[in-house]
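Asker: okay, sequence plus prediction incoming.
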Amino acid sequence: MKPPAARAHRDMILEVANLTMRFGGLTAVDRVSFTALRGEITALIGPNGAGKTTLFNCITGFYRPSEGAIRLHRPGALPVDLHRLAGYRIARSGVARTFQNIRLFPGMTALENLLVAQHNTLMAASGWAVGAVLGLSRYPAAERAAIEVARRWLLATHLLDRADDPAGALPYGAQRRLEIARAMCSSPGGPALLCLDEPAAGLNPRESEELARLLLEIRADGTSILLIEHDMGVVMKISDRVVVLDHGRRIADAAPAAVRSDPKVIAAYLGEEGEEE
Ligand SMILES: Nc1ncnc2c1ncn2[C@@H]1O[C@H](COP(=O)(O)OP(=O)(O)OP(=O)(O)O)[C@@H](O)[C@H]1O
């Protein structure tokens, strides 16, 4: 486990402070605080209904939290209060996400899905106007760069040979990888923070292995990752830090080995998982 001094403010990518989200009388997230460090994989685990996806939805702007703050810290830039921003602005500030249920454009090819993800970059190159149609000189170069970025992520996700297949025709595991590739294409230079909601759901053991390798590559490439995942094999193998939620509250926040042997976590979640198997 990293010593507390190593979790300094300057190393932070995400700061969640006293976050609360209520739906009528139900408190789905209850005064949760934690930090995710730059260059790390931070996992968010806990039983069904613990509030993990609700927390993600607050971070990515799908929900406006009832209370508390969420800040993105990027090197050389002022912290960004994500809890005050609209979702599209959060995406533009470098936060990308995937969903529990695959949300690709099924009728578009794998390559097209990755180009659509770069729409903002391409529109910026056209001056947010008719530049592309008028043949503005910056647009063709931006388009070539977008194809190169897409190619790079098709390669990284082992989908280059399926580039021209409709996304909806790809096997399930390939669609999951394409979703991650799409998220990686959504910001120029890659997102600062990649939020993945159960990326291993429905994968077979070999595909889970491949996914773990891909996430380690993404981390090595400089993108910090926030990961909701029920596959404890994947979580324990690749996470630097594990935050555990139960009934909307944070019950643990430590290195994987410490979380695995924490009696509170075993009682609330890991024990229950073992019984299910
Ligand atoms: N839009 C909503 N309206 C009302 N209640 C909601 C809403 N979204 C989530 N909840 C409730 O908030 C609680 C937390 O749900 P959430 O989906 O965040 O849990 P989770 O930890 O992601 O669970 P899972 O592992 O099953 O995905 C649940 O009781 C859920 O029913």
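Answerer: Sure thing, it's come through.

Asker: make it CA atoms for all contacts and neighbour counts henceforth
Answerer: Will do.

Asker: quick one, what contacts Val259?
Answerer: Applying CA atoms under 8 Å, 6 or more residues apart in numbering to Val259 gives the contacts Val242, Ala252, Asp253, Val265.

Asker: and if we set it to 10 Å?
Answerer: The contact partners of Val259, taken as CA atoms under 10 Å, 6 or more residues apart in numbering, are Met236, Arg241, Val242, Val243, Val244, Ile251, Ala252, Asp253, Val265, Ile266, Leu270.

Asker: before we move on, what about Val244?
Answerer: Contacts of Val244 (CA under 10 Å, 6+ apart): 43-47, 50, 52, 250-254, 259, 264-265, 268-269.

Asker: would you list the buried entries among the contacts of Val259?
Answerer: Among the contacts of Val259, those scoring as buried are Met236, Arg241, Val242, Val243, Val244, Ile251, Ala252, Asp253, Val265, Leu270 (criterion: 16 or more other CA atoms under 10 Å).

Asker: in JSON lines, list the residues you listed along with distance to the ligand and secondary structure.
Answerer: Below are these laid out as JSON lines (distance: CA to the nearest ligand atom, whole Å; DSSP: H, G, I helix; E, B strand; the rest coil):
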{"residue": "Met236", "distance to the ligand": "17", "secondary structure": "helix"}
{"residue": "Arg241", "distance to the ligand": "17", "secondary structure": "strand"}
{"residue": "Val242", "distance to the ligand": "14", "secondary structure": "strand"}
{"residue": "Val243", "distance to the ligand": "12", "secondary structure": "strand"}
{"residue": "Val244", "distance to the ligand": "10", "secondary structure": "strand"}
{"residue": "Ile251", "distance to the ligand": "13", "secondary structure": "strand"}
{"residue": "Ala252", "distance to the ligand": "15", "secondary structure": "strand"}
{"residue": "Asp253", "distance to the ligand": "16", "secondary structure": "strand"}
{"residue": "Val265", "distance to the ligand": "14", "secondary structure": "helix"}
{"residue": "Leu270", "distance to the ligand": "13", "secondary structure": "helix"}
